[in-house]
Structures are given as C-alpha cells and as structure tokens.
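S.K.: Need a 3D model of the following:
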Amino acid sequence: MFASLIRRKPVADPAQMENALESTTFSLTTAVPRPPERRADERLTPLLRIAKIKSNAGEQLMRIRNVSAGGLMAECSHLLEVGEAVKVEFSSQLIPSSIVWIRDGLIGVKFDQNLDLGELLAGRKPRHGFRTRPPRLEVNCKASVQVGKMYYTVDVQDISLAGLKVEPIDERCLDQKVVVVVESLRPIRGEVRWYSNRTAGILFDKPLAFEELAEWVGKRLELASLKAAYKRG
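M.R.: As a prediction, this is how the structure comes out:
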C-alpha cells in the first residue's frame, strides 16, 4: 500500500523547480550577503535582477545575486574599492551605500540605512499595462545609425540592455528599422520607437547580454580612470 502511495505522489515539475531558482534571493536579515563558497551554476545567472551602481568613476550595471535589508551581493565587471561610497539604483530608488567586500568578481554592498524589503518588492511590481524598464546608463559617446540608405552620426545619451537614446535624428526615422553601431560595440539591429525634439529612443530587436554591455562599460571606466590619472600626473 505504501508503495502505491509513493508512486502516486505528485512529482514537482523540474521546469518549475528551476524557475524558482532563477531569481535574486531576498533575505529578511540586515546582514550584508556574503560570497558563496563556490560559484553558482552558470544556468542560473541570466535571469538574475539587473541594477545600476554609481561611483565617482561613473555608472555601471551589476547583476544582483542576493539582497537583504542591510545590503546586497552582486556581480560587477569593473570592481570598486572596499570602503568606497556608491549609490545603488534599484527598483527606481537611489540608495546611498558603500562597498564592504570584494571577491572573485562579486561585491558586497552595505546600505547606509536598512531598507523595507516589503516596500522594495512592491515597488518592483509592474503596473497594469506597463513593463519594468531595464536600468539605463548615462554615457557620452558617438554612434552611427543606418536607416535604409541613410546614415546618421548621433550622440548617445543613455543605453540599457534593451535599447538606447540618441540625438540628433530626423522625425521620419520614427517606426523605422535601423542598424546602430556604437563605439566599440558590434552592430545592433533595432527600431525607432519614439521621437521628440530630434531625440529618439531605439529598441533593440534582441536585448544585449549582460556580459557584453558590462564589459563595454567596464572598458570605458578603465579608460576614463587612466586618462584622469595621466592628467593628475
């Protein structure tokens, strides 16, 4: 009888179990999350939450692995210094923080004040009819935008995994398919989704990988740091 009961016991769907793991972990403690003893399975990283961190060097993306009321642990391509003051943009909030540890491409960030995680999570729920927008990085670089047989040289105002904002560009480009070439990035296909006062928003046909954009931003931050050090010297 027990054997039949065991056989009839419903088995959890492996896909559901995997999906349950493919997200940032939230902890109700106030301690800053610590680095793991071994790296997590690479299959789990693509769906972790993406946030923005600001330092004196500039802005960059980070992929959050664990969040508590007191801080977070995240992957960061351009490593910061322990003790450095930063600001974390997470769930549309700008949170003053500091770096408390660094290990193997991971950083530990301590919030200056403990957060209400319930409010933070509630803030991440998209309103009806709206999608959560990926964090955008303010950049200052040139790009080439191809629209049919026309080419525009534009300034990039900001960029995210999903798209970018450029200027100047013509209104006739609205709703047109484009190919964008940003400095040091591969050509990216997309579409001009909105236009206002010679400024346009381009949505990529396929979002950039976190690693690709993070590496690009990291190289720009390193170059900026070298230039600043050269001027001081």
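
S.K.: How about the contacts made by the residue sitting nearest the centre point of the chain?
M.R.: The chain has I50 as the residue nearest its centroid, 3.6 Å off, counting by CA atoms, centre = their mean. Contact analysis of I50 by CB atoms under 8 Å, 6 or more residues apart in numbering lists 61-64, 134-135, 161, 210. Quick note: C-beta positions are derived from backbone N, CA and C, even for glycine.

S.K.: out of these, which is most surrounded?
M.R.: Comparing those by number of neighbours (other CB atoms under 10 Å), M62 comes first, having 28 neighbours.

S.K.: Touching, that residue and K52? I think so.
M.R.: Yes. M62 is within contact range of K52, at 7.4 Å (criterion: CB atoms under 8 Å).

S.K.: how about the nearest residue to Q146, chain neighbours excluded?
M.R.: With CB to CB, 6 or more residues apart in numbering as the criterion, Q146 has its nearest non-adjacent residue at 4.3 Å, and that residue is V179.

S.K.: is that neighbour in a bridge, and if so with what?
M.R.: V179 has these beta-bridge partners by DSSP bridges: Q146, R189.

S.K.: count of neighbours near L226?
M.R.: L226, neighbours per other CB under 10 Å, totals 10.

S.K.: Now do the helix or strand where I53 lies, average pLDDT.
M.R.: For I53, the enclosing helix or strand under DSSP states H and E is strand 50-55. For strand 50-55, the mean pLDDT works out to 91.

S.K.: What strands line up against that strand, and which way round?
M.R.: strand 58-67 (antiparallel), strand 85-90 (antiparallel).

S.K.: got the CA positions of it in PDB?
M.R.: This file holds the C-alpha atoms of strand 50-55, laid out as PDB (Å, rounded to 0.1, in the frame of the first residue of the first chain):
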ATOM      1  CA  ILE A  50      19.900  43.800 -13.000                       C
ATOM      2  CA  ALA A  51      20.500  47.100 -11.200                       C
ATOM      3  CA  LYS A  52      22.700  50.200 -11.600                       C
ATOM      4  CA  ILE A  53      25.500  51.300  -9.300                       C
ATOM      5  CA  LYS A  54      27.000  54.800  -9.400                       C
ATOM      6  CA  SER A  55      30.500  55.700  -8.100                       C
END
